[in-house]
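[1] when you get a sec, could you give me coordinates for this:
(chains A and B)
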Amino acid sequence: MLKVEHITKYYGDFKAVDDLSFEVKEGEIFGLLGVNGAGKTTTFRMIMGLLDYQDGSITLNGKKIDYSITDEIGFLTEERSLLTKLTVKEQALFFGALKGMSNKEILKRLDELLKRFEITEYKEKKIKELSKGNQQKVQFIMAILNHPKLLILDEPFSGLDPFNIELFKEEILRLAGEGSMIIFSSHRMDHVELFCKKLVILVNGKSVISGYIKDIKKNYRKKNIFIKGDIQKEELKKIGGVLEVVEHADELEVKIESEEIVDKVFEAIKEKKNITKFMVEEPSLNEIFVAKVGESYEK
Amino acid sequence: MRSKLNFLIGVSLARKVKTKWFVVAQILLCLLVVGMINLDILIKSFGGDFDDAVKIYVVDETESSYEIFKEALLLNEKNLYGEDSALYEIEKIAKVEDKKEEVGDEGGIIVDIKKSEENTIEVELISKETVDTYDYSLISSALNSVKVVLVMDDLGLTAEDYSKIMSDVTITTSLVNENNKTEEEGTEMIMTTVFPIFILPIFVLSLFLVQMIGAEVNDEKTTKAMEIIISNVSPKTHFFAKVIAGNLFVIGQAVLTCGYGGLGIFIRHLLTKGGSGGAAFFDEIGPMISSMLESSIGDKLVIILPLAIVLILLTFVAYALLAGVLASMTTTTEDYQQVQVPIMILSLLGYYLGIMAGMFKGSLVIKIFSFVPFISAILAPSLLVLGQIGILEMIISIVIMLLTNFLLIKYGLRIYKVGILNYSSSGLWKKMAKALKNDSIR
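    Below is the predicted model:
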């Protein structure tokens, strides 16, 4: 289990990460969310031991993360971190050896992953000759070459088309299925909702929301009601506890401050004609994020 | 499991050696060294009349000039080119027409000496092409001698009188301590022949080292591969791997260059076996080495050489450490090119001071420079050979270099750890100053 406990990091007088704590268990996919500069990459770099921190502790299976256990970790950085003059094979032999793998192990695993990511023909090609998307695939392959127990993915889907995102998703889910602990950050909330059971939302280095997504959504008091029928927007707005009414193509979305308001809204519309839909939904992660952070993450 | 340090050293070396450019550079270097050693043979092999004697045909209308001219010309030649020299074949002919056609076809010079009322003799030189400056000056000098002898004959002076008038004043040199003479000769030989051969490679190799390490660190930094590398090996391991690999590379390059030199000598030996072409290498270098070893400098070299090698190796390590630290602080290749300029200037200063050390004997400033790290590798051995500093000063230079390396490792490593993961040039010096105070290096 990865345990991050009360870590605090200062850059000079600037507090980049403030008393951050979370845990990731075997087989869990954990989301680290926040706007640019929120402290996500700093947190990743602290976990990898690339940055020192002033307070707190980071342990993997009870051991402080140092160079004796980094062979068990995979790391994909936000920016490309490949030696572009090397071929894919040379790159794998280099990074694999740094993970303590033998050449035989590396080449076997590389062939397997190149096949899975459908880029076997690029094995002997130099990285600089590949497209951005294929470079990202190679970078991902390098990160998972060693079957990592802990996999850190900083914006893994950047520069990928939907087809390749699917390939990545499959592999991430496969690794989680094999028991890897996976932490990742992404600008795509739909990916976070799809993958993660747990997350932390960082604002200015501080955790504003953390825990299991289902609990976060459950505990988030605000709900949305979708209504289809002959009813005016203004009528709904007059109901106490209704925060906002959004008009979609053929339905209205009523945002309410708590679950208790549902009955009041229902009372107001039940006599109306042609009501074909009345559906109460939990808010999306993006809504919760916007509400907490104050701006859209997906802009 | 492979040691990550050894692995990184191997990777660094392989990146330099397993390239087409390395192979091309080695082939060119080998050709250059072998070519330099066999330059004379090479030039002659393309043809030319370097060893052919110049035929000089003399038409002596005075009937008393030929023998004097011949004797004077050969004497001038021996004085200038040595006893074994045979640059000229001199032949007396009756008239210009006898050889004019031959000279027009094959070369040579016709010296037509005629009587002159005003100037005793007057001469016409007839040749196919313009007469070579050296040949012209020797012929001219010989003809002047002819004129002087003829005038003296007219005046009734004997050959003995002529000899007395023309002979040079004998000047002999002697030193209070005769041993100094052989020592100075040995020293001069080392400073003029052996030293330039060694100083230049040291200078070039130190530049190689600085560029190699800087380029590698910079490449890993600019591609951000450094993050992955440093998340798997400590900055300390990474730093030492670069320094060791860099030094192994330049030492290897030095050995290879010596090997090319050996190959050049071997080729020369084969080419000169039959006696044709240039002189055998050992015929030329052998007397030089034995003369050097016979002088008192030979005894000194037994101590100077190991000390110089130790100092040079320590300086290479220091160059590598400094290059690594500076490269870690830069964020682009252009930045590094600027940063390495001071190192190059330092190296260049050492090179020039080493070359000029013999010109400023007794200079205190140069003696002080011989203790300065980086410069000392070239300067201290030069001054030791010249007798300007003693063994003790040389050892002090080595100790200072050791101390420099220790400080570069102790404080440089702190900068390196922070520098290699820093991608912003803003507040760089502040960050580095802060890093210097932090001693928690993994």
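[2] ok, B:Gln26 to A:Leu194 distance?
    Look at B:Gln26 and A:Leu194: by CB to CB, to the nearest Å, they are 56 Å apart. In short, each C-beta sits where N, CA and C put it, glycine included.
[3] A:Lys3: which element?
    strand A:2-11 (DSSP states H and E).
[4] now that strand: buried residues?
    Buried residues in strand A:2-11, defined by neighbour count with 16 or more other CB atoms under 10 Å in any protein chain shown: A:2, A:4, A:7-9.
[5] check stretch B:354-373 too.
    For stretch B:354-373, burial by neighbour count (16+ other CB under 10 Å) applies to B:354-355, B:357-358, B:366-367, B:369-373.
[6] pull the number of nearby residues for A:Lys64.
    If you count neighbours by other CB atoms under 10 Å in any protein chain shown, A:Lys64 ends up with 11.
[7] over to A:Phe22?
    19.
[8] check whether the next helix or strand after the strand holding A:Lys3 comes near chain B.
    Per DSSP H and E, the first helix or strand lying C-terminal to strand A:2-11 is strand A:14-24. No: using CB under 8 Å from any CB of the partner chain, strand A:14-24 stays clear of chain B, coming no nearer than 11.7 Å.
[9] how far off strand A:2-11 does strand A:14-24 point, in degrees?
    Relative orientation of strand A:14-24 and strand A:2-11, computed by axes from the mean of the first three to the mean of the last three CA atoms, to 10 degrees: 180 degrees.
[10] distance between whatever helix or strand comes next after strand A:14-24 and the chain's centre?
    Per DSSP H and E, the first helix or strand lying C-terminal to strand A:14-24 is strand A:29-34. Counting by CA atoms, centre = their mean, to the nearest Å, strand A:29-34 is centred 4 Å from the centre of its parent chain.
[11] who touches strand A:29-34?
    For strand A:29-34, contacts defined as CB atoms under 8 Å, 6 or more residues apart in numbering or on different chains pick out A:22, A:24, A:40, A:43-44, A:172-173, A:176, A:181-186, A:189, A:192, A:195-203, A:289, A:293, A:297.
[12] quick one: mean pLDDT for it?
    Per-residue pLDDT values over strand A:29-34 give a mean of 89.
[13] elements contacting the strand holding A:Lys3?
    strand A:14-24, helix A:40-47, strand A:55-60 (3 or more CB pairs under 8 Å, 6 or more residues apart in numbering or on different chains; DSSP states H and E).
[14] if we can go back for a sec, can you tell me which of the contacts of strand A:29-34 end up in helices?
    Among the contacts of strand A:29-34, the ones falling in helices (DSSP state H) are A:40, A:43-44, A:172-173, A:176, A:189, A:192, A:195, A:289, A:293.
[15] which bits of chain B sit near chain A?
    Counting by CB under 8 Å from any CB, the residues of chain B near chain A are B:1-2, B:4, B:7, B:11, B:219-220, B:223-234, B:421, B:440, B:442.
[16] may I see the buried residues of the helix or strand hosting A:Glu234?
    Secondary structure from DSSP H and E places A:Glu234 in helix A:233-237. By 16+ other CB under 10 Å, the buried positions in helix A:233-237 come out as A:Leu236.
[17] what's the following helix or strand after it?
    Past helix A:233-237, the next helix or strand by DSSP H and E is strand A:242-247.
[18] excluding chain neighbours, give the residue nearest to residue 214 in space.
    Reading this off chain A. A:Lys197 (7.9 Å; CB to CB, 6 or more residues apart in numbering or on different chains).
[19] actually it's chain B I care about, not the one you picked
    The shortest distance from B:Gly214 to any non-neighbouring residue, by CB to CB, 6+ apart, is to B:Ala327 (4.1 Å).
[20] for chain A, what lies in contact range of chain B?
    Counting by CB under 8 Å from any CB, chain A sits next to chain B at A:45, A:48-52, A:66-67, A:70-71, A:73, A:75, A:77, A:79-85, A:94-95, A:97-100, A:142.
[21] and those, which of them are in strands?
    Residues of the residues of chain A next to chain B located in strands (DSSP state E): A:73, A:75.
[22] make a ChimeraX selection of the buried ones in the residues of chain A next to chain B.
    Only the buried entries of the residues of chain A next to chain B go into this ChimeraX selection, using 16+ other CB under 10 Å:
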select /A:45,48,49,50,51,67,70,71,73,75,77,80,81,82,83,84,94,95,97,98,99,100,142
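[23] so which of the residues of chain A next to chain B are in helices?
    Using DSSP H, A:45, A:94-95, A:97-98, A:142 are the members of those that sit in helices.
[24] may I ask which two of those residues are separated the most?
    Pairwise distances across these (CB to CB) peak at 22.5 Å, for the pair A:Arg45 and A:Ala97.
[25] what is the neighbour count of B:Asn119?
    Count around B:Asn119 with other CB under 10 Å applied: 10.
[26] distance check, it against B:Val111.
    Going from B:Asn119 to B:Val111 by CB to CB gives 16 Å.
[27] again with B:Thr315
    Noted for B:Thr315: a distance of 61 Å to B:Val111, by CB to CB.
[28] then B:Ala433?
    B:Ala433 is 81 Å from B:Val111, where distance means CB to CB.
[29] and these two? which has more neighbours close in?
    B:Val111 (25 against 11).
[30] with adjacent residues omitted, what lies nearest to the more buried one?
    B:Val58 (4.9 Å).
[31] one more: A:Asp55?
    Take A:Asp55 and drop its neighbours on the chain: the residue closest to it by CB to CB, 6+ apart is A:Thr8, 4.1 Å away.
[32] residue contacts, the one you found?
    Neighbouring residues of A:Thr8 by CB under 8 Å, 6+ apart: A:15, A:17-20, A:53-56.
[33] pLDDT averaged over the strand holding A:Lys3 - what is it?
    Strand A:2-11 comes out at a mean pLDDT of 92.
[34] please say which of B:Gln26 and A:Leu194 ends up with more neighbours.
    Using other CB under 10 Å as the criterion, B:Gln26 and A:Leu194 rank with B:Gln26 on top: 15 against 11.
[35] just to revisit the earlier point, closest to chain B out of the ones in helices among the contacts of strand A:29-34?
    Ranked by distance to chain B (CB to the nearest CB), those are led by A:Phe44 at 9.7 Å.
[36] quick one on the thing from earlier: who does the helix or strand where the residue nearest to B:Val111 lies touch, helix- and strand-wise?
    Using DSSP H and E, B:Val58 falls within strand B:54-60. Packed against strand B:54-60 by the contact rule (3+ CB pairs under 8 Å, 6+ apart) you find helix B:66-81, strand B:88-93, helix B:97-106, strand B:109-116.
[37] swap in 10 Å and give it another go.
    With contacts defined as 3 or more CB pairs under 10 Å, 6 or more residues apart in numbering or on different chains; DSSP states H and E, strand B:54-60 has these neighbours: helix B:66-81, strand B:88-93, helix B:97-106, strand B:109-116, strand B:120-127, helix B:133-155.
[38] returning to that earlier point: of the residues of chain B next to chain A, which belong to strands?
    Counting by DSSP E, no part of the residues of chain B next to chain A is found in strands.
[39] restricted to buried residues, select these in PyMOL.
    Selection of buried members from the residues of chain B next to chain A for PyMOL, criterion 16+ other CB under 10 Å:
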select buried, chain B and resi 4+7+11+219+220+223+224+225+226+227+228+229+230+231+232+233+234+421
